[in-house]
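*Asks:* Here is my input; please provide its structure:
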Amino acid sequence: MFKDLFQKRKYAVVPSAAGTSPDQEEERPKREIPEGLMNRCPQCGTIQFTKELEKNFKVCSTCGHHFRLSASERVAMTLDEGRLFEIDADLIAEDPLEFPGYKEKLELQKQKSGLNDAIVTGEGTIGGFPVVIGVMSFDFFTGSMGSVVGEKTTRAIELAMEKKLPLLLFSTSGGARMQEGILSLMQMAKTSAALAKFQQDGGLFISVFTDPTLGGVSASFASLGDYIIAEPGAIVGFAGRIVIEQTIRQKLPDNFQTAEFNLKHGQLDKVVHRKDMKAFLTKLLDMHSGKGERADVN
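*Replies:* Down below sits the predicted model:
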């Protein structure tokens with residue numbers, strides 16, 4: 001009796017359409033969503049149309065997650081009319097240590113990102129105020145800092161000092177580029193020394209952390225700003241979370257290394273939403289321009 005109750009039942013297969021067998025149904029071509037039409041938020045999973053996401057500064061309308069931007073997208077959102085007068089665009093990384101496969105990887109990164117290296121530098125205006133700007137891109141070798149990134153950053157600092165202009169750097173990086181060894185690590189000292197001269201000369205340096213900024217970049221020029229701000233949720237630190245947990249053998253807080261965590265512990269001056277970033281930067285530049293009354297940046 002009980003055996004009959006739990007016995008597997010056989011069901012008749014009903015065709016999904018008249019005259020169509022299940023096998024034929026499976027063979028029907030599936031409608032595919034065109035690539036790039038939609039994006040899934042990595043934080044909350046919400047699927048959004050790419051065009052709507054771009055209208056919202058590439059910030060998730062559901063949870064506020066800030067998607068990573070390319071260098072060109074960052075420039076378009078930050079500079080007046082999205083106009084950048086680029087400098088040192090022809091600087092290209094070599095293979096000084098003859099690291100196996102490095103040259104081939106560089107070429108692949110150039111093709112994938114459309115950049116010659118992980119930072120774009122130049123001049124532009126924000127709210128009408130002229131600045132020297134550097135924008136790092138995670139699209140090129142995870143924004144790793146090699147000789148070219150260090151050299152272009154240093155030249156941008158020197159240009160700002162020469163022209164008496166504020167310096168603005170948007171950082172994102174996975175750390176130093178191991179394929180260049182000690183030459184990569186030397187860029188930490190080189191950029192920091194250039195900034196010391198710039199700031200002694202009275203120069204204004206605004207540093208903006210974007211997701212993620214780790215390793216040698218966070219341990220050098222990115223943390224030396226007169227103002228240090230970050231986008232919401234940006235991961236900022238030196239070593240990665242997993243490395244730290246394995247080293248100290250302790251579980252870290254869920255929000256560890258986020259912009260909000262760093263702000264709470266005094267490592268940042270302010271966390272600024274992307275849609276407010278240009279207006280906030282304009283207030284800072286206005287405050288230091290010597291024109292009019294002191295701006296309120298709170």
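*Asks:* need the contact list for residue 192.
*Replies:* 220, 221, 224 (Cβ atoms under 8 Å, 6 or more residues apart in numbering). No exception for glycine: its C-beta is placed from N, CA and C like everyone else's.
*Asks:* Count residues in the vicinity of the closest residue to the second one other than its chain neighbours, would you?
*Replies:* With sequence-adjacent residues excluded and distances taken as Cβ to Cβ, 6 or more residues apart in numbering, residue 221 is closest to residue 191, at 4.1 Å. Residue crowding around residue 191 was assessed by other Cβ atoms under 10 Å; the count is 26.
*Asks:* Next secondary structure after the strand or helix carrying residue 191?
*Replies:* Residue 191 belongs to helix 181-200 when elements are defined using DSSP states H and E. If you walk from helix 181-200 toward the C-terminus, the next helix or strand you reach (DSSP H and E) is strand 205-213.
*Asks:* and that next one with helix 181-200, angle?
*Replies:* Per axes from the mean of the first three to the mean of the last three Cα atoms, to 10 degrees, the angle that strand 205-213 makes with helix 181-200 is 150 degrees.
*Asks:* could you dump the helix holding residue 191 to CSV, C-alpha only?
*Replies:* Provided in CSV are the C-alpha atoms of helix 181-200 (Å, rounded to 0.1, in the frame of the first residue of the first chain):
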residue,chain,number,x,y,z
GLY,A,181,60.0,44.8,-10.0
ILE,A,182,61.9,47.4,-8.1
LEU,A,183,61.5,49.9,-10.9
SER,A,184,57.8,49.9,-10.1
LEU,A,185,58.3,50.3,-6.4
MET,A,186,60.6,53.2,-7.0
GLN,A,187,57.7,55.2,-8.4
MET,A,188,56.2,55.4,-4.9
ALA,A,189,59.2,57.5,-3.7
LYS,A,190,59.4,59.5,-7.0
THR,A,191,55.8,60.6,-7.0
SER,A,192,55.9,61.3,-3.2
ALA,A,193,59.1,63.4,-3.6
ALA,A,194,57.5,65.4,-6.4
LEU,A,195,54.4,66.1,-4.3
ALA,A,196,56.5,67.2,-1.4
LYS,A,197,58.1,69.9,-3.6
PHE,A,198,54.7,70.9,-5.1
GLN,A,199,53.1,71.3,-1.7
GLN,A,200,56.1,73.2,-0.3
